[in-house]
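**Q** can't give you the sequence, but here's the structure:
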């Protein structure tokens with residue numbers, strides 16, 4: 001941002017605010033457009049009909065005439081726009097009509113005059129805009145524009161500012177992307193010019209945080225350029241509240257003591273079964289935690305065979321974590337003592353805070369935490385599990401199966417669903433963490449830690465919101481190149497129906513912004529709870545694909561069709577089988593089978609046919625992933641299929657050929673055991689479904705692309 005440009009815009013915005021306005025007029029918008037190089041048509045302001053005639057004559061040809069009033073945001077609704085006016089008489093008549101319409105629309109509106117604007121040539125109408133999202137801050141938008149914008153809602157979003165490549169990628173992210181390339185003989189538009197408009201708008205809102213919304217709608221895109229026919233700029237009514245932030249080093253230091261503690265205190269520990277303080281202490285002891293465990297209760301000397309302390313301040317030595325199991329009204333006083341003891345982490349299990357309307361009580365905890373430098377997990381949580389430390393700091397059922405999946409949830413109920421799924425599927429986890437009200441610690445803190453944790457191979461997070469979307473994106477971008485991040489974002493139906501002063505603001509529904517920006521961060525978004533859990537379970541099992549060519553080998557034609565549909569639905573590519581590979585497959589399948597892709601070996605084939613075709617799929621370097629469709633027959637029983645598949649896959653992996661292999665097994669109940677056998681040996685297999693195995697393969701591909709391991713976009 002040049003100093004001169006900044007000064008011009010700063011003076012203008014200060015003047016608008018000094019007048020108590022939040023909306024800029026069209027001429028004021030043009031000042032900003034000119035300062036930032038945003039292409040707009042020639043235009044002048046006419047304060048009476050004579051000036052309007054003179055302005056139109058200078059611009060030449062047909063003009064567009066628009067009311068200029070800081071009190072009328074939606075000019076068309078007020079009858080304040082007339083297009084294609086030409087000739088002195090028509091200009092005079094249009095001037096009178098526009099002013100009369102505006103006064104009829106709002107008799108109190110201050111009217112500065114009428115904008116006389118050069119009429120742009122016909123072209124494709126698109127919208128370029130920006131909005132201040134409560135989660136992600138400044139977000140830039142692009143989509144089809146004009147009258148279609150709020151009907152089709154074909155819009156995509158990115159964090160602002162964007163670089164030229166990211167701006168260009170937005171053109172391919174809308175459903176109607178092909179229109180911009182030219183369809184039915186229409187020439188393609190100037191994509192670079194549109195991308196430059198996007199980039200400049202994103203730069204503007206990043207430079208001036210007080211700008212809440214910007215609309216360029218419509219932008220007329222032609223083969224020769226992209227010009228904004230209208231610009232609308234709206235200022236925020238107040239400055240955003242600044243959230244306390246921590247450096248990456250500070251986060252890792254506190255998280256290490258939380259997840260790998262040497263000493264834990266339980267405030268509110270109890271000898272009485274059925275009390276939360278009893279359950280937490282018993283889980284810590286029975287779970288085998290090797291560090292020090294200190295019960296805290298002023299009314300007891302001994303709890304579950306351990307010395308109890310009246311206060312955490314009485315505990316000798318350092319304590320890494322204080323787990324709270326006292327009623328909400330008693331938490332603040334106990335947290336003060338935790339602060340005086342210099343304990344860096346407080347795990348706040350109690351409910352009765354912001355979730356029940358007690359915001360002041362929760363704010364008090366945050367203030368105490370900031371005063372003493374305590375990081376707060378919760379309140380209103382089930383606790384947390386750190387399995388590699390044998391740490392079970394929760395009042396819920398214990399879990400100790402160690403593995404590479406870290407799971408977090410904002411909800412206690414979802415947390416227990418995670419626990420049950422992990423147990424029944426034997427999914428080993430590195431941690432399960434409840435976040436609850438997220439008064440302090442949230443997903444970006446956990447993501448920063450798990451991204452560095454060598455025992456964590458995949459991170460899955462259930463969330464209802466993000467406190468700091470930009471911090472989360474930053475943490476995700478650092479983590480995704482190393483390991484997958486899966487997110488289940490609840491509340492997809494929460495539409496952006498809030499009051500908005502621009503088309504962009506009206507279109508920026510919560511989920512629309514979340515969806516695009518999570519994708520921009522390289523995060524895999526799961527459509528449902530079971531999907532999130534299955535992705536988390538499968539991704540560490542599947543090898544990373546080395547290319548896009550997928551081949552389906554199936555014993556049932558019907559399964560092959562459904563598997564093909566699933567491949568397409570998940571954005572994957574069925575390989576076009578070259579003639580030599582087609583001939584090789586045909587050597588192993590009966591004449592009434594079908595080569596091509598899917599390769600249909602038919603259901604009556606013996607185990608040798610399955611084995612031969614799978615071997616061929618793994619041995620040919622042009623094939624990058626296999627999808628297997630099995631049909632239960634007596635000729636090849638389920639466990640026979642499972643054993644031969646696992647044996648062949650293991651043989652190739654020992655030789656350094658590690659391709660993702662997923663399988664769909666259709667048949668009687670024996671296929672359930674076969675799937676479990678395959679899963680335990682690195683083949684992701686599911687009974688009774690063709691959708692699920694391909695969905696997890698699709699998730700693996702999405703991560704590989706986001707991590708830059710396949711090339712192309714995410």
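**A** Sure thing, it's come through. This structure is a prediction, so every number in the text was calculated from the model and none was measured. Numbers count the residues shown, from 1 in each chain.

**Q** Contact partners for residue 37?
**A** With contacts defined as Cβ atoms under 8 Å, 6 or more residues apart in numbering, the neighbours of residue 37 are residue 200. C-betas here are computed from N, CA, C, even on glycine.

**Q** Residue 292 and residue 223, how far apart?
**A** As judged by Cβ to Cβ, to the nearest Å, residue 292 and residue 223 stand 73 Å apart.

**Q** So between the two, which is more surrounded?
**A** Taking neighbours as other Cβ atoms under 10 Å, residue 292 and residue 223 compare with residue 292 leading, 17 against 13.

**Q** Show me what the more buried one is bridged to.
**A** Per DSSP bridges, the residues bridged to residue 292 are residue 263.

**Q** same check, this time on residue 213
**A** residue 131, residue 234.

**Q** so where is the protein shaky, pLDDT-wise?
**A** Where the chain drops to pLDDT under 70, the residues are 1-2, 146-152, 492-510, 711-714.

**Q** Quick check, central residue of it?
**A** Nearest to the mean C-alpha position of the chain, by Cα atoms, centre = their mean, lies residue 518 at 2.2 Å.

**Q** Name the SS class of it, please.
**A** Assigned with DSSP: H, G, I helix; E, B strand; the rest coil, residue 518 falls in the helix class.

**Q** how about it, what does it touch?
**A** 476, 487, 489, 525.

**Q** again with residue 636
**A** By Cβ under 8 Å, 6+ apart, the contact set of residue 636 is 555, 605-607, 610, 630.

**Q** ditto for residue 245
**A** Residue 245 neighbours (Cβ under 8 Å, 6+ apart): 468, 471.

**Q** can you tell me the helix or strand for residue 431?
**A** strand 429-434 (DSSP states H and E).

**Q** Residue 648 too?
**A** Residue 648 is located in helix 638-654, with elements delineated by DSSP H and E.

**Q** Show me what the following helix or strand past that helix is packed up against.
**A** Scanning forward in sequence from helix 638-654 by DSSP H and E, the next helix or strand is strand 661-666. Here strand 661-666 touches helix 557-569, strand 625-631, helix 638-654, helix 670-680, strand 684-687, helix 691-706, going by 3 or more Cβ pairs under 8 Å, 6 or more residues apart in numbering; DSSP states H and E.

**Q** quick one: which of these is nearest residue 131?
**A** helix 691-706 (24.7 Å; Cβ to Cβ).

**Q** and the angle for the closest one with strand 661-666?
**A** 170 degrees (axes from the mean of the first three to the mean of the last three Cα atoms, to 10 degrees).

**Q** Helix 691-706: how far from the chain's middle?
**A** A distance of 16 Å separates the centroid of the chain from that of helix 691-706, by Cα atoms, centre = their mean, to the nearest Å.

**Q** buried set for that helix?
**A** By 16 or more other Cβ atoms under 10 Å, the buried positions in helix 691-706 come out as 691-706.

**Q** picking up where we left off before, put the buried members of the contacts of residue 636 into a ChimeraX selection.
**A** A single ChimeraX command suffices to select whichever of the contacts of residue 636 are buried according to 16+ other Cβ under 10 Å:
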select :555,605,610,630
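
**Q** Where do the helices of the stretch 151-300 of the chain begin and end?
**A** 164-171, 177-181, 191-207, 248-259, 276-286 (DSSP state H, counting those that start in this stretch).

**Q** can you tell which of the ones you listed is closest to residue 625?
**A** helix 164-171 (25.2 Å).

**Q** What is the closest one packed up against?
**A** Packing partners of helix 164-171 (3+ Cβ pairs under 8 Å, 6+ apart): strand 137-144, strand 155-159, helix 191-207.

**Q** To residue 296, which of these lies closest?
**A** That would be strand 137-144 among the helices and strands packed on helix 164-171, by Cβ to Cβ, at 40.8 Å.

**Q** and the helices and strands packed on strand 661-666, which is most packed in?
**A** The highest average neighbour count among the helices and strands packed on strand 661-666, using mean count of other Cβ atoms under 10 Å, belongs to strand 625-631 at a mean of 26.

**Q** Please list the residues outside that strand that contact it.
**A** Here strand 625-631 makes contact (Cβ under 8 Å, 6+ apart) with 545, 549-556, 559-560, 563, 567, 598, 603, 610, 614, 617-618, 636, 638, 641, 645, 659-667, 671, 674, 683, 685, 690, 693-694, 697.

**Q** Contacts only, for residue 352.
**A** Applying Cβ under 8 Å, 6+ apart to residue 352 gives the contacts 327-329, 358, 361, 379-380.
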